[in-house]
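> give me coordinates for this.
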Amino acid sequence: MLAIEIKGLTKDYKLGFWRDRSRRALDNLDLNVGSGEVFGLLGHNGAGKTTTLKILFRLVFPTSGTARILGKEINEVAIHRRVGYLPENPYFYDHLTPEELLSYSGRLFGLAKDDLRRRINGLIERVGLADSRNVAIRKFSKGMVQRVGIAQALVNDPDVVFLDEPMSG
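Below is the predicted model:
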């Protein structure tokens, strides 16, 4: 099964006060990524990398083309429960601690309390924040916030993980 299947994906943004001009951000993208495959989408600024991710997450809608995640159309809400996402510039409620943020995120996914506790402990350890698990995120460096973001993207034990600019910070 393919993890990601994209056919003819195109996105035009309307510009100007009257929205009478357009700019093509993505032009007829075809892409297949297999399950278990690690794939990096590289390109210059403005190449359409983030637009592609925004379409996959239904934050913007394509002008034309189709996309599927794990064999399901992206408009099927249930498929997004099986996906993890770290945006380019994550913003978290900075008064929360990593433990509180992960607990909140896990509850949004409906994870059982005992399973969630185990996942939080494992993820905090895995991203190297065990000593800072109860420190407010606002006191973290950009790199530490990025690590919290990676843990957040993995809290639901996703089948597919999208990382937008993962090396930032």
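
> going forward, measure contacts between C-alpha atoms and count neighbours the same way
Fine.

> distance check, the residue in the chain sticking out farthest from the centre against Val60.
Going by CA atoms, centre = their mean, the residue of the chain most distant from its centre is Trp18, 32.4 Å out. Between Trp18 and Val60 the computed distance is 20 Å (CA to CA, to the nearest Å).

> before we move on, the earlier item: enumerate every residue touching the residue farthest from the centre of the chain.
Contact analysis of Trp18 by CA atoms under 8 Å, 6 or more residues apart in numbering lists nothing.

> can you pull out the strands in the chain?
Using DSSP state E, the strands of the chain run over residues 2-15, 21-34, 64-69, 72-73, 83-86, 160-163.

> and those strands as JSON lines, adding distance to Gly48, mean pLDDT and mean neighbour count?
Output for those, formatted as JSON lines (distance: least, CA to CA, whole Å; pLDDT from 0 to 100; neighbours: other CA atoms under 10 Å):
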{"stretch": "strand 2-15", "distance to Gly48": "9", "mean pLDDT": "97", "mean neighbour count": "17"}
{"stretch": "strand 21-34", "distance to Gly48": "5", "mean pLDDT": "96", "mean neighbour count": "14"}
{"stretch": "strand 64-69", "distance to Gly48": "14", "mean pLDDT": "98", "mean neighbour count": "19"}
{"stretch": "strand 72-73", "distance to Gly48": "20", "mean pLDDT": "96", "mean neighbour count": "16"}
{"stretch": "strand 83-86", "distance to Gly48": "17", "mean pLDDT": "95", "mean neighbour count": "20"}
{"stretch": "strand 160-163", "distance to Gly48": "15", "mean pLDDT": "95", "mean neighbour count": "18"}
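
> which one of the ones you listed lies closest to Met144?
Closest of these to Met144 is strand 83-86, at 13.5 Å (criterion: CA to CA).

> helices or strands up against the closest one?
For strand 83-86, the elements it packs on are helix 142-154, strand 160-163, judged by 3 or more CA pairs under 8 Å, 6 or more residues apart in numbering; DSSP states H and E.

> quick one: distance of the shortest one to the chain centre.
I take that to be strand 160-163. Mean-position distance between strand 160-163 and its chain equals 6 Å (CA atoms, centre = their mean, to the nearest Å).

> can you list the strands that that strand pairs with?
As defined by DSSP bridges, the strand partners of strand 160-163 come to strand 83-86 (parallel).

> other residues contacting the partner strand?
149-150, 152-164, 166.

> how much space between the residue farthest from the centre of the chain and Ala25?
19 Å.

> from what I see, Ser168 and Glu88 are in contact.
Yes - using CA atoms under 8 Å, Ser168 is in contact with Glu88, at 7.5 Å.
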